[in-house]
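> sequence first, predicted coordinates after that:
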Amino acid sequence: MKGNEALHHASAQEPVAGGGIALSSVIPNSRLAQFSERVGIAAVNRLPLRLRPHVLRASRQARPSRKVAAGIPVTEQTMSGVQITWLGRQPGKDVIMYLHGGAYMAGPVFLQWKLLAEIHRQTGLAAAMVLYRRPPQDPHPAALDDVVTAIRSLHANGELREGHWVLAGDSAGGQLALSAAQQLRDTDGPMPAGMMLTAPLVDMELAHPDTVAAIDAAGIKRDEKFWWAFKLYANGMPFSDPTLSPINASVAGLPPVHLNVGTEDFFLHDVRRLRNAMLRNGVRVSYIEQQGAEHVYALRSGTPQARWAVAEQIRWLREVLPSATPSTDSAIDGGSAAADS
């Protein structure tokens, strides 16, 4: 099963509790992909600390490959000193602004560009990738400042029109999206029509008992995987600061949110806390909790669970931005999967 046929198959399955597909249909990353990812993470963590950021920073792809962007106009722009790469930019189009993850240093990479290209093809939305500054040269709050500056500059020139743009991000990029929205809410906007968050980092401390238990069970030490990068990014600021851990700031007044996470993700329990806080504060949440899926599984388009999640993200985008064009390809038009709360 390939391409659109496979996407249709994923979309047509019955949803299960939490909004994902049945665990029996979940396919893990290929063994080669899993091995490569683990080897890559281990290799980076074995490097001297002074070298690790340079390796991650070198992964940035400021533009998508020709293959990924085939048939889509790609343009670059600098707004108030912030670099932005556009897919399908056109005056008057609705926009999805995307903030890539990657421990604040890596990315954007192929997987994020592929997602944006798919969203553009299926909806007609213009897609803007913000190439925010990164540590160690530019620690917090440089990235957050860049995001807010880009939003305000694009709003001022008419490219982000009220009710016609969505803010999205994965992992660390999801944290930046949340923190930017909270800052914009508190300073008279502009606010997006919605937020699309994939496994966002919402509590940099990762200190909730359920989260600690999950990390300990996996045998991960505090200096591995995440924390050294968080320390470089925070630059001495306490991890509990709301601009680093948006769960510690109010979520009242945020726009509708599409939120997804996998049950094998260390961020799971914190994402649940975010969902619950939003619901308590009257924020409309479309939530997918995919059984058996790992961190940012929705970016790994080779699996049924990723195709399901992306189909639901696109469906949600059409609801939030009504001018987003329906797909002429029925491949992603299956049954509803997301649980609207």
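Yes, it's here. Numbering: from 1, shown residues only.

> tabulate the CA atom coordinates of stretch 65-83 in PDB.
C-alpha atoms of stretch 65-83 as PDB (Å, rounded to 0.1, in the frame of the first residue of the first chain):
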ATOM      1  CA  SER A  65      14.600  20.000  -0.800                       C
ATOM      2  CA  ARG A  66      13.500  20.300  -4.400                       C
ATOM      3  CA  LYS A  67      11.800  16.900  -4.100                       C
ATOM      4  CA  VAL A  68       9.800  17.800  -1.000                       C
ATOM      5  CA  ALA A  69       8.800  21.200  -2.400                       C
ATOM      6  CA  ALA A  70       8.100  20.000  -6.000                       C
ATOM      7  CA  GLY A  71       5.700  22.300  -7.700                       C
ATOM      8  CA  ILE A  72       5.500  24.700  -4.700                       C
ATOM      9  CA  PRO A  73       7.000  28.200  -4.900                       C
ATOM     10  CA  VAL A  74       9.700  28.600  -2.100                       C
ATOM     11  CA  THR A  75      10.600  32.200  -1.100                       C
ATOM     12  CA  GLU A  76      12.800  33.600   1.600                       C
ATOM     13  CA  GLN A  77      12.100  36.800   3.600                       C
ATOM     14  CA  THR A  78      13.600  38.700   6.400                       C
ATOM     15  CA  MET A  79      11.200  40.700   8.600                       C
ATOM     16  CA  SER A  80      12.700  42.900  11.300                       C
ATOM     17  CA  GLY A  81      15.800  40.800  11.300                       C
ATOM     18  CA  VAL A  82      14.000  37.500  11.500                       C
ATOM     19  CA  GLN A  83      14.400  34.900   8.700                       C
END
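
> that one: how far from the chain's middle?
Centre-to-centre, stretch 65-83 and its host chain are 18 Å apart (C-alpha atoms, centre = their mean, to the nearest Å).

> and what of stretch 110-119?
The answer for stretch 110-119 is 11 Å, by C-alpha atoms, centre = their mean.

> who touches that stretch?
61, 64-65, 68-69, 72, 87, 96, 98, 100-101, 125, 127, 129, 170, 296, 298-301, 310, 313-314, 317 (C-beta atoms under 8 Å, 6 or more residues apart in numbering). For the C-beta atoms, the positions are set from N, CA and C on the backbone; glycine is no exception.

> mind checking which of those are buried?
61, 64, 68-69, 72, 87, 96, 98, 100-101, 125, 127, 129, 170, 296, 298-300, 310, 313-314, 317 (16 or more other C-beta atoms under 10 Å).

> just the ones in strands from the contacts of stretch 110-119, please.
87, 96, 98, 127, 129, 170 (DSSP state E).

> any idea how far residue 231 is from the fifth one?
If I follow you right, that is residue 129. 26 Å (C-beta to C-beta, to the nearest Å).

> then residue 247?
In terms of C-beta to C-beta, residue 247 sits 19 Å off from residue 231.

> the two: who's more crowded?
residue 247 (21 against 17; other C-beta atoms under 10 Å).

> do you know how far the more buried one is from residue 170?
17 Å.

> now residue 84: how far from residue 153?
The value you get for residue 84 to residue 153, if C-beta to C-beta is used, is 9 Å.

> higher neighbour count, the two?
residue 84 (21 against 18).

> the host helix or strand of the more buried one: how far from the chain's middle?
Assigned by DSSP states H and E, residue 84 belongs to strand 82-87. The chain centroid and the centroid of strand 82-87 are separated by 16 Å, computed with C-alpha atoms, centre = their mean.
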